[in-house]
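Chemist: sequence below, structure please.
(one chain, ligands or ions: 1)
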Amino acid sequence: MGRWDAFSPILNLRIPGLRIQRDYDLTNRTSMRMQARAALFATVETPYALQLLMEKIRQAEVPAFLLGGGANTLFATSYFEGVVFTLGRGFANTSYLGGNFFRAGAATKLPSLIKSARDCNLMGLEFLTMVPGTVGGALAGNAGAGNWGLCDFVERVFLMTRNGFIACVERNQFRYSYRHSDLREAVILEADFRLEPFNRFEFERRKQEFADKKKNQPYNLPSCGCIFKNPKVEKGPPLYAGKLIEESELKGYAINSAEVNKGHANFMVNMGHSTGEDFLALIAFVQDRVHERFSVELELEVQVVGGPMNSVVLA
Ligand SMILES: Cc1cc2nc3c(=O)[nH]c(=O)nc-3n(C[C@H](O)[C@H](O)[C@H](O)COP(=O)(O)OP(=O)(O)OC[C@H]3O[C@@H](n4cnc5c(N)ncnc54)[C@H](O)[C@@H]3O)c2cc1C
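Modeler: Sure, this is the predicted structure:
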């Protein structure tokens, strides 16, 4: 069997709105900038191209992963023997819907979501200040800060199921919680948000407040945000993953160039040419040490693609 035979249903798909690249270097596609390649990388620009691509992926029975901005994703191995696909500019439109409603495509970057809403005299998403990634990725993981997550502001979402059906899901028709949402079961195409009227003073105040909270985070280094979720506690004071890691004396601990950040212990940073293997080893080490010291299981917030911790590959 030839090197590309398994992918032939996908490679034979030549349609407008679909670009497929082989042996693709993913380094610049994740904020962690880790060394990884994918057998195929597909960029889709239209729902029709997406529908056909997903059909061919199912037919080829190869692993596939939907990538947004790559700000919350780790590729476990240095080669992903499958298809990484992403929504292109065709899914990055925004529009004002009247009243307090605003629509954004799933590929819209979070900073431009805030800015475009502001240009329409709307606000409310300032808690996403300095949070990288796309609307699709942020809805899939209910990204947020403080008590807020993006899903709190959703009015409806348009998505494509894995079988290729387009559906409109109203706000009361899906469940979400801290850094989780059912929406990740499908491909989010676009979403309508209910925001509030723009108020310059309040907008600037909130932006400053959230920017200040991020001061000890390593924005100048490649990372993928918080690695672990804060553990759930039934009773008693809240637990913070970063604090548990710090108290386990792991700040600055490194495996090759994958390092627990010296400033914010729930961030891991890439200090050189780290691979997914380095990060998985570091994650497992931190989990073991924290468990040993505090009997707390740290659950991953970041999405790991492929490898032993694989949780998100579509079959
Ligand atoms: C410096 C830094 C700071 C950060 N700060 C925060 C923070 O304060 N709060 C916070 O919550 N996060 C934070 N993060 C993490 C990250 O910014 C968010 O999780 C963001 O929402 C990820 O979006 P993305 O598009 O990059 O997702 P990706 O990493 O590309 O994907 C994440 C998951 O979403 C899925 N996905 C992507 N697009 C879609 C789609 N269209 N439909 C369905 N599923 C999809 C992917 O399959 C994957 O499972 C930070 C990251 C960095 C690097």
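Chemist: in the helix of greatest length in the chain, what counts as buried?
Modeler: Longest helix in the chain, counting residues (DSSP state H): helix 276-294. Neighbour-count burial for helix 276-294 flags 276-280, 282-283, 286-287, 289-290 (criterion: 16 or more other Cβ atoms under 10 Å). To be clear about C-beta, it is placed using only N, CA and C from the backbone, and glycine gets the same treatment.
Chemist: take these and lay them out in JSON lines including distance to Phe201.
Modeler: Formatted as JSON lines, these follow (distance: Cβ to Cβ, whole Å):
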{"residue": "Gly276", "distance to Phe201": "45"}
{"residue": "Glu277", "distance to Phe201": "49"}
{"residue": "Asp278", "distance to Phe201": "46"}
{"residue": "Phe279", "distance to Phe201": "42"}
{"residue": "Leu280", "distance to Phe201": "46"}
{"residue": "Leu282", "distance to Phe201": "43"}
{"residue": "Ile283", "distance to Phe201": "42"}
{"residue": "Val286", "distance to Phe201": "42"}
{"residue": "Gln287", "distance to Phe201": "44"}
{"residue": "Arg289", "distance to Phe201": "46"}
{"residue": "Val290", "distance to Phe201": "42"}
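Chemist: may I see those arranged in TSV, with pLDDT and distance to Val233 as well?
Modeler: Converted to TSV, the buried residues of helix 276-294 look like this (pLDDT from 0 to 100; distance: Cβ to Cβ, whole Å):
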residue	pLDDT	distance to Val233
Gly276	91	31
Glu277	92	32
Asp278	94	31
Phe279	95	27
Leu280	94	27
Leu282	96	25
Ile283	96	22
Val286	97	19
Gln287	97	18
Arg289	97	20
Val290	97	15
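Chemist: if we can go back for a sec, so what secondary structure elements neighbour the longest helix of the chain?
Modeler: strand 73-75, helix 241-247, strand 254-255, strand 258-260, strand 267-270 (3 or more Cβ pairs under 8 Å, 6 or more residues apart in numbering; DSSP states H and E).
Chemist: go through the ones you listed and pick out the most buried.
Modeler: Across those, averaging neighbours per residue (mean count of other Cβ atoms under 10 Å) puts strand 73-75 on top, at a mean of 27.
Chemist: so how far is the ligand from Ala39?
Modeler: Per Cβ to the nearest ligand atom, to the nearest Å, Ala39 is found 17 Å from the ligand.
Chemist: surely that residue touches Phe65?
Modeler: No - using Cβ atoms under 8 Å, Ala39 makes no contact with Phe65, being 11.3 Å away.
Chemist: what sits in contact with each of those two?
Modeler: Jointly contacting Ala39 and Phe65 under the rule Cβ atoms under 8 Å, 6 or more residues apart in numbering are 80, 82-83.
Chemist: closest one of the residues you listed to Ala254?
Modeler: Phe80 (24.3 Å; Cβ to Cβ).
Chemist: give the contact list for the closest one.
Modeler: Phe80 touches 26, 36-39, 63, 65, 305-306, counting by Cβ under 8 Å, 6+ apart.
Chemist: Leu122 - how many residues pack around it?
Modeler: Neighbours of Leu122 under the rule other Cβ atoms under 10 Å: 22.
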